[in-house]
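>>> just coords:
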Ligand SMILES: Nc1ncnc2c1ncn2[C@@H]1O[C@H](COP(=O)(O)OP(=O)(O)O)[C@@H](O)[C@H]1O
Ligand SMILES: O=P(O)(O)OC[C@H](O)CO
């Protein structure tokens, strides 16, 4: 008989904190990421896709309660993983929030329940609202840049103020609640904050300067809601949250596994990525490639008004008394989303893992150019009537060429933006820091470097957005923390250099511009009525 063994259970692993958590509520998915405080080391994370609802052509909504539930599930999932790797939830000292920007939620003060689905930033239903607002501009000027001196933004369906005006005009529950004084408005950060801190019972109603700078309702100089802008949009101030800095105490989590932990940062996701990339000095820039693509150029404490189609936005303000830093932004609405379309609508790919493999099987796109202007074109064109086109198809064109042309479309849109930034700032960028879901694709980064002719530096971690929120949250509780100090112990960033000639690059870009011409004003470029009647045989 075997002698009895004295089985000893190994002691559970231990992992010491402190830790900082970040909620990253993106358009495609939500995640909660737990970092070791003051570093870019991800201890664990939990991520869940968020469903978008497409009720009508050009509409894009999400269920606000589903957003909250998904975030809560991500928090619970990540905390469970933290414990599994030997960490203690009590050692999460603070958390930050970063979010898809401009998406608009309106809810009822008494019930805490949404009055309508969230209108997502890339929803295009408000083109007619923009038209109506343009009509109200004095001297029949119809100038989309009329409000730029006040808010830094052109009139576009993209921004929350326009979406809110549409809700006021089209959803009786919203207009009635506005009249009764029971409506509350928030971008996704505000909606999450309200729910995490207690909802209708004691939820705080606050936003930060970066999210507020995307509403068209905040004055870009005073960083407060602007009476003239509110009057222009016909919206009551009572529905708006309090504007705070991006790094300060907002409130404490009311329930669940993180109950009692403070929330000490809020940043729009693109601004959070600027912080996470440590682009903390004037002249530094980053591009984040997710659902859309957003290039932000830090202009320091100065407000630079673009004359070439870029946005002026708040980059960050890291503390109540801190100096606000501004940025010039080039926004592209459809980047990774073009691949979701290839997958869901056209069945050209089954998953994003195939993109690089397929595009690498061909040497070039065989002169195919794809402008994915599904909801108009953002920077630098701001043409809400543009629509998608695929040009240059021939008998030889294959799926692989189209997939490659889709990657190139994102690269060319970034070239459009860099050209505008060069014109506005005079100094050409020598290198571009990149991050986001698409940057796992090596071929894509090579194409990006080739088609813009500058070095592309891949971020050490893909989750720079969450990292920026975690850095700001930590800064708010640890004043000695130096945000510029190296975060990572693991060597320099990977650099991708251009490998094609300037002549080749410029020829390709000319063709891209021809494709852009074909997509602009598509919605309004129909034949005049008389000619249309003749064409129809009337
Ligand atoms: N290998 C890849 N090549 C190209 N695009 C990709 C790849 N992997 C993911 N994507 C795209 O990246 C997007 C997701 O990136 P992510 O940064 O998570 O987005 P978001 O923050 O908007 O939720 C999706 O639109 C997807 O199509
Ligand atoms: O979901 P993302 O990461 O593409 O970001 C969305 C932007 O914040 C929209 O302005």
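Okay, I see it. Please read all numbers here as calculations on a predicted model, not as lab measurements. Ligands and ions are numbered 1, 2, ... in the order given.
>>> Let me know the pLDDT of the residue in the stretch 301-450 of the chain positioned nearest to ligand 1.
Here the stretch 301-450 of the chain gets closest to ligand 1 at one residue, residue 437, 2.0 Å apart by Cβ to the nearest ligand atom. No exception for glycine: its C-beta is placed from N, CA and C like everyone else's. On pLDDT, residue 437 comes in at 90.
>>> How about the one 4 residues further on?
Residue 441 carries a pLDDT value of 96.
>>> Wait, it touches residue 354, no?
No: counting by Cβ atoms under 8 Å, residue 354 is not a contact partner of residue 441; they are 10.8 Å apart.
>>> ok, these two, which is more surrounded?
More neighbours surround residue 441 than the other of residue 441 and residue 354, with 21 against 15 (other Cβ atoms under 10 Å).
>>> picking up where we left off before, for the residue of the stretch 301-450 of the chain closest to ligand 1, what are its contacts?
Taking Cβ atoms under 8 Å, 6 or more residues apart in numbering as the contact definition, residue 437 lies against 28, 289-290, 336, 352, 462.
>>> Out of those, which are close to ligand 2?
Restricting the contacts of residue 437 to those within reach of ligand 2 (Cβ under 6 Å from any ligand atom) leaves residue 290.
>>> Top of the contacts of residue 437 by number of neighbours, please.
When the contacts of residue 437 are compared by neighbour count (other Cβ under 10 Å), residue 289 ends up highest, at 25 neighbours.
>>> Might one say that it is in contact with residue 438?
Yes: with contact defined as Cβ under 8 Å, residue 289 counts as touching residue 438 (3.7 Å).
>>> Next, show the common contact partners of these two.
Taking Cβ under 8 Å, 6+ apart as the criterion, residue 289 and residue 438 both touch 335-336, 410, 444.
>>> Give me every residue in the chain lying close to ligand 2.
With Cβ under 6 Å from any ligand atom as the criterion, the chain meets ligand 2 at residues 26-27, 100-102, 121, 268-270, 290-292.
>>> ok, these vs residue 87, which is closest?
Set against residue 87, the nearest of these by Cβ to Cβ is residue 26 (24.5 Å).
>>> and the residues of the chain next to ligand 2 as a markdown table, adding pLDDT?
Formatted as a markdown table, the residues of the chain next to ligand 2 follow (pLDDT from 0 to 100):
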| residue | pLDDT |
| --- | --- |
| 26 | 94 |
| 27 | 92 |
| 100 | 96 |
| 101 | 97 |
| 102 | 96 |
| 121 | 95 |
| 268 | 98 |
| 269 | 96 |
| 270 | 96 |
| 290 | 90 |
| 291 | 87 |
| 292 | 92 |
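>>> ok, which of the residues you listed also contact ligand 1?
Among those, the ones lying near ligand 1 by Cβ under 6 Å from any ligand atom are 26-27, 290-291.
>>> which helix in this protein runs the most residues?
Ranked by residue count, the top helix of the chain under DSSP state H comes out as helix 399-425.
>>> I figured residue 254 hits residue 198, correct?
Yes: assessed by Cβ under 8 Å, residue 254 is found in contact with residue 198 at 3.9 Å.
>>> what does the one helix or strand residue 313 maps to contact?
Residue 313 belongs to strand 311-316 when elements are defined using DSSP states H and E. The contact list for strand 311-316, computed with Cβ under 8 Å, 6+ apart, reads 148, 152-154, 209-210, 212-214, 220, 223, 246-247, 267, 271, 274-275, 296, 298-299, 303-306, 324-331, 379, 472.
>>> Stretch 220-238 now?
With contacts defined as Cβ under 8 Å, 6+ apart, stretch 220-238 is touched by 133, 136, 147, 150-152, 161-162, 164-165, 168, 178, 181, 209, 212-213, 216-219, 240, 243, 303, 312, 314, 317, 324, 326.
>>> next one: stretch 79-96
Contacting residues not belonging to stretch 79-96 are listed as 12-23, 34, 37, 43-46, 253, 257-258, 261-267, 272, 469-470, 472-474, 476-477 [Cβ under 8 Å, 6+ apart].
>>> now swap in stretch 44-54 and tell me
With Cβ under 8 Å, 6+ apart as the test, stretch 44-54 has contacts from 25-34, 60-63, 66-67, 70, 73-78, 80-82, 84-85, 87, 117, 120, 463, 466.
>>> Next, see if that stretch gets close to ligand 1.
No: counting by Cβ under 6 Å from any ligand atom, no contacts exist between stretch 44-54 and ligand 1, the nearest distance being 8.0 Å.
>>> residue contacts, residue 423?
Listed by Cβ under 8 Å, 6+ apart, the contact partners of residue 423 are 307-308.
>>> let's see 10 Å
By Cβ atoms under 10 Å, 6 or more residues apart in numbering, the contact set of residue 423 is 306-310, 380.
>>> Looking at those residues, which is nearest ligand 2?
Taking Cβ to the nearest ligand atom as the measure, residue 310 is the one of those closest to ligand 2, at 13.8 Å.
>>> measure residue 166 to residue 44 for me?
Separation of residue 166 from residue 44 (Cβ to Cβ, to the nearest Å): 40 Å.
>>> Residue 485 now?
As judged by Cβ to Cβ, residue 485 and residue 44 stand 24 Å apart.
>>> Looking at those two, which one has more neighbours?
residue 44 (20 against 9).
>>> That one belongs to a strand, doesn't it?
Yes: using DSSP: H, G, I helix; E, B strand; the rest coil, the assignment for residue 44 is a strand.
>>> That one and ligand 2: what is the separation?
Taking Cβ to the nearest ligand atom, to the nearest Å as the measure, residue 44 falls 21 Å from ligand 2.
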